[in-house]
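J.: Just a sequence and a predicted model for now, questions to come.
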Amino acid sequence: MMKRYFLYVVVLLISLPLFFASCKKNEKPDLSYTIEKYEELGMPDCDKIWNNNDYFVAIGVLDKVKAKDSLALPRYDSKKSGRLFRHMIGLENLSFVDSNTIPLYERAYHVQAFLGIQSDLSRVYTNIYSRQQYYNEELAHLYMFGIAVTQKMLDLAYRINRSDKPQDRSMKAGFPSIQSAYVVMMSYILGNQQHTSLFDKRDMKTLSDSLSGSLQRNMKWMDPTAKKMLAKKLITVADSTSTKKIKKEYMNLARELESN
């Protein structure tokens, strides 16, 4: 009995490294730099609120890092660089949108730049030469940042529409373009979600929950063409995913868009 137990333990000890090795095969090594190293390269301080210029500087640094070592960009869950990545998509950098000390028209000009910022960040983290994306988790969070940015733009546009100040009145004509930017963002994200292999199930679910909540909030003002286009993309994602919750959620959303 003791001998059999001893053999069992030996076999177990031999197998464990193989088991853990197989588990870790799917894990991506954290090859990102420390925050200090990024700052040495010119990255703005991630302990302060970033303005538009800070973002432009940061994107320049990220481009240089990517050109030298494409696997060294800040990562979402990294112990070394996670705080920096989360700051790049942090809504604290959009706190000016809710500041009553800044005129509405100035906030509107300021927030529009974040469409380009989100686009540039997504560009840096995307490998256009590969179907498989090394930064799939980071891209999911960048897409959610895009949803948040366009919602902030819409919320500000509603406030401008209610304003009687002369400086704000001139901006009311831009409301349809803000709505269009929102629809384009949703279409872009759904287009990427069609490639379900790009995301792990957790990221796919988190992104889907964010997108679903946003569409439910905004579908009432969409024109029939936008609703039809988004409904078609929702159905395509639903057909391509193996996650029952997302499939059901997106099919229900598509029906709701088509019926309103």
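T.: Received it, and whenever you're ready, just let me know what you need. Numbers count the residues shown, from 1 in each chain.
J.: Which strand or helix spans Lys205?
T.: Per DSSP states H and E: Lys205 is located in helix 201-218.
J.: Give the other helices and strands that whichever helix or strand comes after that helix contacts.
T.: The element immediately downstream of helix 201-218 (helix or strand, assigned by DSSP H and E) is helix 224-240. Counting contacts by 3 or more C-beta pairs under 8 Å, 6 or more residues apart in numbering; DSSP states H and E, helix 224-240 is packed against helix 175-193, helix 244-259. In this view, the C-beta of every residue, glycine as well, is placed from N, C-alpha and C.
J.: export helix 224-240 as CSV, just CAs?
T.: Once non-C-alpha atoms are left out, helix 224-240 reads as follows in CSV (Å, rounded to 0.1, in the frame of the first residue of the first chain):
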residue,chain,number,x,y,z
PRO,A,224,-34.2,53.4,-39.8
THR,A,225,-31.1,53.0,-41.9
ALA,A,226,-28.7,53.0,-38.9
LYS,A,227,-31.0,50.6,-37.0
LYS,A,228,-31.1,48.2,-39.9
MET,A,229,-27.4,48.3,-40.4
LEU,A,230,-26.6,47.7,-36.7
ALA,A,231,-29.3,45.0,-36.4
LYS,A,232,-27.6,43.1,-39.3
LYS,A,233,-24.2,43.3,-37.6
LEU,A,234,-25.6,42.1,-34.3
ILE,A,235,-27.1,39.1,-36.0
THR,A,236,-23.8,38.3,-37.7
VAL,A,237,-22.0,38.4,-34.3
ALA,A,238,-24.7,36.3,-32.7
ASP,A,239,-24.4,33.7,-35.5
SER,A,240,-20.6,33.6,-35.1
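J.: as a whole number, average confidence for it?
T.: What helix 224-240 shows for mean pLDDT is 96.
J.: which outside residues touch it?
T.: 183, 186-187, 190-191, 193-196, 215, 219, 222, 246-247, 250-251, 253-255, 257-258, 260 (C-beta atoms under 8 Å, 6 or more residues apart in numbering).
J.: what ranges do the helices span in the stretch 1-150 of the chain?
T.: Secondary structure of the stretch 1-150 of the chain (DSSP state H, counting those that start in this stretch): helices at 2-24, 35-40, 52-68, 82-88, 104-125, 136-162.
J.: For the second one, buried residues please.
T.: If I follow you right, that is helix 35-40. For helix 35-40, burial by neighbour count (16 or more other C-beta atoms under 10 Å) applies to Ile35, Tyr38.
J.: Tell me which residues are up against that helix.
T.: Outside helix 35-40, the residues that touch it by C-beta under 8 Å, 6+ apart are Met43, Asp45, Cys46, Val61, Val65, Pro74, Lys80, Ser81, Arg83, Leu84.
J.: The residue lying closest to Val65 once chain neighbours are set aside: neighbour count?
T.: Take Val65 and drop its neighbours on the chain: the residue closest to it by C-beta to C-beta, 6 or more residues apart in numbering is Ala72, 5.4 Å away. Counted with other C-beta atoms under 10 Å, residues neighbouring Ala72 total 17.
J.: now Arg202
T.: 10.
J.: and it, what pLDDT?
T.: For Arg202, the model assigns a pLDDT of 90.
J.: next one: the one 4 residues further on
T.: We note a pLDDT of 93 for Thr206 in this prediction.
J.: residues contacting it?
T.: So Thr206 contacts Ala140, Met144 (C-beta under 8 Å, 6+ apart).
J.: Low-confidence bits of this protein, can you list those?
T.: Residues of the chain meeting the criterion pLDDT under 70: 1-27.
J.: cutoff 80 now
T.: 1-28, 131, 196-198, 260 (pLDDT under 80).
J.: quick revisit: now the helix holding Lys205 and helix 244-259, what's the angle there?
T.: 20 degrees (axes from the mean of the first three to the mean of the last three C-alpha atoms, to 10 degrees).
J.: Show me what counts as buried in helix 201-218.
T.: For helix 201-218, burial by neighbour count (16+ other C-beta under 10 Å) applies to Asp203, Met204, Lys205, Leu207, Ser208, Ser210, Leu211, Ser212, Ser214, Leu215, Asn218.
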